[in-house]
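*Asks:* model this:
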Amino acid sequence: MKTKVISLCMMLVVLLFTSLLPIHVSAADYPANPITKTGYTLDFQEEFNGTTLDTNKWLPYYLPHWTTPTNRELGAKARFTISNGALQERIDADTPAWNPTYDSTVKISSIQTYEKDNWHKFNGSMPNDHHEADFNGYSTMYGYFEMRAKNANVGGGGHQAWWMVGTEDTSSASANPEIDIVETFVSKPNTWRIAGYGWGDPNFLSNWTLYEDPVPSGDQSSEYHIYGMEWTPTQLNFYYDNQLYKTINDAPNMPMGMILGIYTDAGSGVHNNVWPKTWSVDYVRVWKKNGGYPTPYYRIKNHQTGLYMHTNALTGNVEYGNVPATDYSSQWSKETTEGYTRYKNRSTGQYMHLENQNGSIQYGTVPTTYWSSQWTEEAVSGFTRIKNRWKGTYMHTEDNTGLVQYGSVPTTYWTSQWTFEPAS
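*Replies:* Residues are numbered from 1 along each chain as shown. The predicted model follows:
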């Protein structure tokens with residue numbers, strides 16, 4: 001009996017002592033969200049089930065038009081496996097640089113939903129090396145984007161990224177905006193790095209906007225977590241495990257394609273010798289809000305005159321003048337067709353065009369396919385030049401007639417430079 005009492009006392013002492021020690025609890029993976037989302041409709045779904053990549057959605061190369069055909073099949077070709085319902089992208093010790101001529105020793109394993117010559121010209125001196133077939137597995141504008149992923153756990157330089165690039169500027173300038181939903185450095189495993197930049201798009205951020213802060217909970221390199229972004233016409237809202245994390249009070253207003261990859265020797269630092277470097281992606285999904293998003297309207301202001309484009313119901317011409325900001329005749333929305341932009345007036349519901357070829361811009365009911373109503377936007381010194389697809393000429397105010405004209409005007413002329421101001 002005495003022995004039992006002593007044993008019981010010893011157990012109580014042990015329990016009391018251990019209760020005073022810190023308790024280390026390993027957090028679990030954050031569970032996957034349901035496929036259904038209240039108030040939204042699923043628009044894109046990639047669960048990475050099976051063992052092969054769906055090449056109707058993804059191109060298993062990284063921006064191959066910028067590198068040589070040889071490097072396309074070496075450094076630009078993704079290395080990955082798909083198993084247990086997840087994509088594992090990896091960089092091995094023998095992975096070569098994807099574009100040593102213009103991107104030094106950067107190594108990449110990446111897939112993307114869009115491809116076109118000149119897409120994402122991040123180096124101004126870099127030529128389009130060769131033609132690549134156009135690919136559009138998925139590009140879109142606005143929505144709720146979500147990924148469940150587990151980051152690399154290898155240390156050293158490198159990062160994993162889920163990012164988007166605009167598709168509207170198909171010229172060699174490729175002035176398309178960028179959103180980095182995830183661009184997290186391997187050397188900073190407890191942070192989430194988010195960024196955005198216009199890359200010459202005058203309607204989005206003119207300077208890099210970047211956040212790199214600790215996540216509120218969990219271990220991103222040993223657990224799966226959910227990264228979300230709601231893209232509206234005016235904001236980018238980022239979510240970590242379904243909780244609002246950061247907001248960028250600006251947003252691109254053009255379709256964008258997605259890129260999903262892991263990198264070393266880029267701005268995130270030089271690699272160490274731990275191989276392979278791998279991150280895992282459980283799924284990528286995009287939902288669209290039921291009822292859509294409010295149409296963004298713009299007032300188009302001339303650099304030279306400081307006056308705004310508006311319609312004149314008596315003449316059918318697009319004029320420029322000192323029009324109140326609340327006047328719907330001076331407010332325009334953008335619609336994308338065949339990679340070009342059509343400008344629709346809020347007051348009349350009609351489109352800018354030069355169908356009549358009278359030297360001035362008109363507005364009216366014009367078929368979507370008519371090149372006379374299709375335009376490209378070219379960035380210049382923080383302003384925009386607007387070029388017609390049919391005639392290859394630019395909107396301007398050179399003759400000071402009160403009418404918006406079109407013609408061949410030097411790039412530096414303020415009369416052909418415009419600013420798009422958000423309208424309420």
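*Asks:* any idea of the mean pLDDT for the longest strand along the chain?
*Replies:* Across the chain, the longest stretch assigned as strand under DSSP state E is strand 277-289. Mean per-residue pLDDT for strand 277-289: 98.
*Asks:* list the buried residues in the helix or strand just after it.
*Replies:* Moving toward the C-terminus from strand 277-289, the next helix or strand (DSSP states H and E) is strand 297-302. If you call a residue buried by 16 or more other Cβ atoms under 10 Å, then strand 297-302 has these buried ones: 297-302. (C-beta placed from N, C-alpha, C; glycine too.)
*Asks:* now, among those residues, which is nearest to Asn345?
*Replies:* Using Cβ to Cβ, Tyr297 is the member of the buried residues of strand 297-302 that lies nearest Asn345, at 9.6 Å.
*Asks:* show me the beta-bridge partners of the residue nearest in space to the middle of the chain.
*Replies:* Among the residues of the chain, the one closest to the centroid is Met164, at 2.6 Å (Cα atoms, centre = their mean). Legend: beta-bridge partners of Met164 under DSSP bridges are Ile179, Met258.
*Asks:* show me how the record splits this structure into domains.
*Replies:* 40-289, 297-423 (automatic domain parsing).
*Asks:* could I get those domains as a markdown table with distance to Asp29?
*Replies:* Formatted as a markdown table, those follow (distance: least, Cβ to Cβ, whole Å):
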| stretch | distance to Asp29 |
| --- | --- |
| domain 40-289 | 4 |
| domain 297-423 | 38 |
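*Asks:* out of the ones you listed, flag the one nearest Ala32.
*Replies:* domain 40-289 (5.5 Å).
*Asks:* distance-wise, check the spatially closest residue to Pro296 that is not a sequence neighbour relative to Asn123.
*Replies:* Leaving out its chain neighbours, the residue that sits closest to Pro296 by Cβ to Cβ, 6 or more residues apart in numbering is Pro233, at 3.9 Å. Distance from Pro233 to Asn123, counting by Cβ to Cβ, to the nearest Å: 30 Å.
*Asks:* show me which of those two is the more surrounded one.
*Replies:* Neighbours per residue (other Cβ atoms under 10 Å) separate Pro233 from Asn123, with Pro233 holding more: 16 against 12.
*Asks:* the residue nearest to the centre of the chain: what's it in contact with?
*Replies:* 178-179, 181, 256-259 (Cβ atoms under 8 Å, 6 or more residues apart in numbering).
*Asks:* which residues does Ile108 bridge with?
*Replies:* Beta-bridge partners, per DSSP bridges, of Ile108: Tyr263.
*Asks:* what's the answer for Gln362, then?
*Replies:* Asn317, His353.
*Asks:* that one and Glu335: what is the separation?
*Replies:* From Gln362 to Glu335 the distance is 17 Å (Cβ to Cβ).
*Asks:* go on, Pro324?
*Replies:* Counting by Cβ to Cβ - Pro324 and Glu335 are separated by 25 Å.
*Asks:* per-residue pLDDT, the residue nearest to Pro296?
*Replies:* Confidence for Pro233, expressed as pLDDT, is 88.
*Asks:* how many neighbouring residues does the residue lying closest to Val165 once chain neighbours are set aside have?
*Replies:* Distance criterion Cβ to Cβ, 6+ apart; nearest residue to Val165, sequence neighbours excluded, is His120 at 4.7 Å. A count of neighbours around His120, defined by other Cβ under 10 Å, yields 21.
*Asks:* what about Pro324 and Glu335, which has more around it?
*Replies:* Glu335 (14 against 9).
*Asks:* please name the bridge partners of the more buried one.
*Replies:* Arg342.
*Asks:* where along the stretch 1-150 of the chain do the strands fall?
*Replies:* 40-46, 80-83, 86-91, 107-112, 114-115, 135-136, 139-140, 143-150 (DSSP state E, counting those that start in this stretch).
*Asks:* from those strands, which stretch is densest packed?
*Replies:* Of all the strands of the stretch 1-150 of the chain, strand 107-112 has the most neighbours on average by mean count of other Cβ atoms under 10 Å, namely a mean of 25.
*Asks:* before we move on, back to that, from His131, how far off is the residue nearest to Val165?
*Replies:* From His120 across to His131, the span is 16 Å (Cβ to Cβ).
*Asks:* cool, and Ser172?
*Replies:* 13 Å.
*Asks:* now do Tyr227
*Replies:* 34 Å.
*Asks:* rewinding a little: who touches the residue nearest to Val165 in this structure?
*Replies:* Contacts of His120 by Cβ under 8 Å, 6+ apart are 63, 165, 174, 176, 178, 199.
*Asks:* got those as CSV, with neighbour count, pLDDT and distance to Tyr239 columns?
*Replies:* As requested, these are exported to CSV (neighbours: other Cβ atoms under 10 Å; pLDDT from 0 to 100; distance: Cβ to Cβ, whole Å):
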residue, neighbour count, pLDDT, distance to Tyr239
Leu63, 23, 98, 28
Val165, 22, 98, 21
Ser174, 21, 92, 29
Asn176, 28, 94, 25
Glu178, 23, 98, 20
Trp199, 21, 94, 25
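*Asks:* residue ranges of the helices in the protein, please?
*Replies:* For the chain, the helices defined by DSSP state H occupy 2-19, 69-72, 100-103.
*Asks:* just to revisit the earlier point, show me the contacts for the residue nearest to Pro296.
*Replies:* 142, 251, 253, 293-296.
*Asks:* which of the residues you listed count as buried?
*Replies:* Of the contacts of Pro233, these count as buried by 16+ other Cβ under 10 Å: 142, 251, 253, 293, 296.
*Asks:* can you redo the residues you listed as a markdown table with distance to Gly407 and pLDDT?
*Replies:* Shown next, in a markdown table, are the buried ones among the contacts of Pro233 (distance: Cβ to Cβ, whole Å; pLDDT from 0 to 100):
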| residue | distance to Gly407 | pLDDT |
| --- | --- | --- |
| Tyr142 | 35 | 96 |
| Ala251 | 33 | 93 |
| Asn253 | 27 | 87 |
| Tyr293 | 36 | 90 |
| Pro296 | 29 | 86 |
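*Asks:* what would the residues you listed look like in TSV with distance to Lys344?
*Replies:* Formatted as TSV, those follow (distance: Cβ to Cβ, whole Å):
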residue	distance to Lys344
Tyr142	17
Ala251	19
Asn253	13
Tyr293	16
Pro296	12
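*Asks:* for Thr95, which non-adjacent residue is closest in space?
*Replies:* Lys107 (4.9 Å).
*Asks:* and the one you found, what is it in contact with?
*Replies:* 75, 91, 95-98, 263-265, 271.
*Asks:* can you tell me what sits against stretch 355-372?
*Replies:* With Cβ under 8 Å, 6+ apart as the test, stretch 355-372 has contacts from 311, 316-318, 337-338, 342, 345, 348, 350-354, 373, 388-391, 395, 401, 403-407.
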